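S.K.: here is the input, now give the coordinates:
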Amino acid sequence: SSSSRASGRSWSAGGSGSCYRGGKEPAVHDLPAAAVTVVVAWVLLEIACAAALRHLHRRTGIYYLPRRAPRPSARCLAFVSRLLAEEGRGKVMQYSETLGWTIRPDIDDDAHGTNAAGARGRRAYDPAVAPGRIRVTTFGDCLTFGEGCALEDTWQRQLEELDGRFEVMNFGVDGYGPGQAWLRYLDTLAAVPRQDAVVFALVSTNVFKPLNVFRPFFSYDHGIMMSKPGFALSGGRLEKLPNPIGHLEGYRRLLDDPVAELRRIGQVDAYHRASYAGGRLDVLASVRLPKMLLAEYRKRRAVVDRRGRIRTGSAALETTLRILDAAGEAVRARGAVPLFLLLPLKREIERFRRSGTRPCGAVAGHLAARGYACLDALDAFGRAREPGAEDLFAGRHYSPRANGLIAAALAGALGNLLDGRGVQVG
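M.R.: Residues are numbered from 1 along each chain as shown. Purely as a prediction, here's the structure:
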């Protein structure tokens with residue numbers, strides 16, 4: 001009929017209901033070309049994602065560690081092999097069943113020398129403090145130890161120079177979080193029973209560490225690749241989790257059956273449990289890369305907001321606060337004075353100078369509410385543009401200039417704190 005012919009013309013002519021643009025059906029010979037284009041694009045995407053994964057690993061150490069079948073990196077396995085070959089004693093660090101790792105005592109070395117108590121520096125301290133002197137002990141991570149700085153440039157030694165009545169012992173250890181710092185304080189009491197003031201230093205990223213028991217799950221190929229005690233809240237109470245590799249020979253299982261051993265450790269590592277599960281398509285770099293980046297983003301955003309402030313209510317923060325409470329109570333129970341020192345990273349100093357953002361504001365507020373002294377080193381660095389943030393750091397660690405500013409702030413804070421308890425300072 002005329003209507004059907006018109007309808008046919010309308011369909012083939014590409015009218016409003018046309019499926020083929022211009023009235024032309026697709027040529028069959030175009031399909032192989034399209035398929036080749038798709039394959040080439042996918043290959044290029046895979047190459048780009050693989051290159052991005054290599055770059056990510058070089059810059060940050062991050063590599064593929066799924067929950068179901070985590071496999072340690074070659075660098076991690078090499079570290080464990082050296083650890084066993086050296087019987088748990090490296091040049092600076094040594095294995096510790098209770099702490100995970102710690103500084104070796106009696107190191108005869110200009111850069112990392114320690115005394116018999118394991119404090120940085122070769123100076124021997126008498127268990128009894130001389131009249132008129134005040135013994136200050138300090139605990140924290142590499143920014144407390146003074147990594148990258150000569151002994152005389154650490155903030156502890158500069159604090160002694162500012163006020164000769166202070167006798168400052170540096171018990172900082174690379175990689176430590178608040179839990180290990182508290183346990184190390186308890187560990188030093190046998191060798192150093194007299195500690196008048198105890199400084200616990202905290203970096204914002206340290207709040208993740210109490211949930212983590214195997215350091216590569218948190219820091220991948222960076223630094224020390226060992227296990228340690230963890231912490232958890234059970235019914236609102238702080239619970240200490242034992243070191244999952246409770247003796248040195250336990251590291252041999254990590255070499256013999258790495259996937260099974262990491263799977264076992266991962267079951268008690270709350271930080272790792274928040275990671276991604278493995279999948280069959282993860283053999284593709286284009287699948288692994290976004291999965292890994294999204295997992296890192298989510299783990300960070302669960303604890304830190306977009307302005308770089310630690311969120312209240314997160315498991316990481318609440319566990320950290322309970323540890324700080326326990327540390328403060330332990331110091332007070334011995335008649336000493338606890339002081340908590342908040343140490344900022346470079347990006348946090350820059351953000352503070354722009355907007356006044358304090359990443360550890362929730363920590364400071366909690367400590368103040370419980371009557372603990374807390375010093376935020378952001379105030380020592382100030383809002384001014386001089387010195388620039390780049391002048392305060394030597395690589396990822398504090399420069400002598402930054403340590404000097406911290407020492408000056410501590411001298412004032414400790415003086416006020418101890419004067420208030422009737423102790424004469426300065």
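S.K.: R59 belongs to a strand?
M.R.: No. With DSSP: H, G, I helix; E, B strand; the rest coil as the criterion, R59 is helix rather than part of a strand.
S.K.: per-residue confidence for it?
M.R.: Listed pLDDT for R59 reads 89.
S.K.: next: L418.
M.R.: 88.
S.K.: quick one: list the elements packing against the helix or strand where it lies.
M.R.: Assessed by DSSP states H and E, L418 sits inside helix 400-419. When contacts are defined as 3 or more CB pairs under 8 Å, 6 or more residues apart in numbering; DSSP states H and E, helix 400-419 packs onto strand 134-139, helix 155-162, strand 197-203, strand 337-343, strand 373-376, helix 377-381. All C-beta atoms are positioned from the backbone trio N, CA, C, and that covers glycine.
S.K.: got JSON lines for the ones you listed, with distance to L31, mean neighbour count and mean pLDDT too?
M.R.: Output for the helices and strands packed on helix 400-419, formatted as JSON lines (distance: least, CB to CB, whole Å; neighbours: other CB atoms under 10 Å; pLDDT from 0 to 100):
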{"stretch": "strand 134-139", "distance to L31": "68", "mean neighbour count": "25", "mean pLDDT": "97"}
{"stretch": "helix 155-162", "distance to L31": "69", "mean neighbour count": "22", "mean pLDDT": "97"}
{"stretch": "strand 197-203", "distance to L31": "58", "mean neighbour count": "26", "mean pLDDT": "98"}
{"stretch": "strand 337-343", "distance to L31": "62", "mean neighbour count": "23", "mean pLDDT": "98"}
{"stretch": "strand 373-376", "distance to L31": "65", "mean neighbour count": "20", "mean pLDDT": "97"}
{"stretch": "helix 377-381", "distance to L31": "62", "mean neighbour count": "20", "mean pLDDT": "94"}
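S.K.: out of those, which is closest to S275?
M.R.: Counting by CB to CB, S275 lies closest to strand 197-203 out of those; the figure is 22.1 Å.
S.K.: show me how far that closest one is from its chain's centre.
M.R.: 16 Å (CA atoms, centre = their mean, to the nearest Å).
S.K.: where does the stretch 251-400 of the chain have low pLDDT?
M.R.: 383-385 (pLDDT under 70).
S.K.: 80 - rerun?
M.R.: 383-389 (pLDDT under 80).
S.K.: do a quick rundown of the strands in this protein.
M.R.: Using DSSP state E, the strands found in the chain span residues 93-96, 100-103, 134-139, 166-170, 197-203, 230-234, 237-241, 337-343, 373-376, 393-394, 397-398.
S.K.: among those, which is nearest A48?
M.R.: Closest to A48 of the strands of the chain is strand 393-394 (CB to CB; 32.4 Å).
S.K.: that closest one pairs with which strands?
M.R.: In the sheet, strand 393-394 lines up against strand 397-398 (antiparallel) (DSSP bridges).
S.K.: how far away is R123 from S286?
M.R.: Distance, R123 to S286, using CB to CB, to the nearest Å: 56 Å.
S.K.: a markdown table for the strands of the chain, including distance to R157?
M.R.: Listed next are these as a markdown table, based on distance: least, CB to CB, whole Å:
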| stretch | distance to R157 |
| --- | --- |
| strand 93-96 | 21 |
| strand 100-103 | 16 |
| strand 134-139 | 11 |
| strand 166-170 | 7 |
| strand 197-203 | 14 |
| strand 230-234 | 31 |
| strand 237-241 | 33 |
| strand 337-343 | 16 |
| strand 373-376 | 18 |
| strand 393-394 | 16 |
| strand 397-398 | 13 |
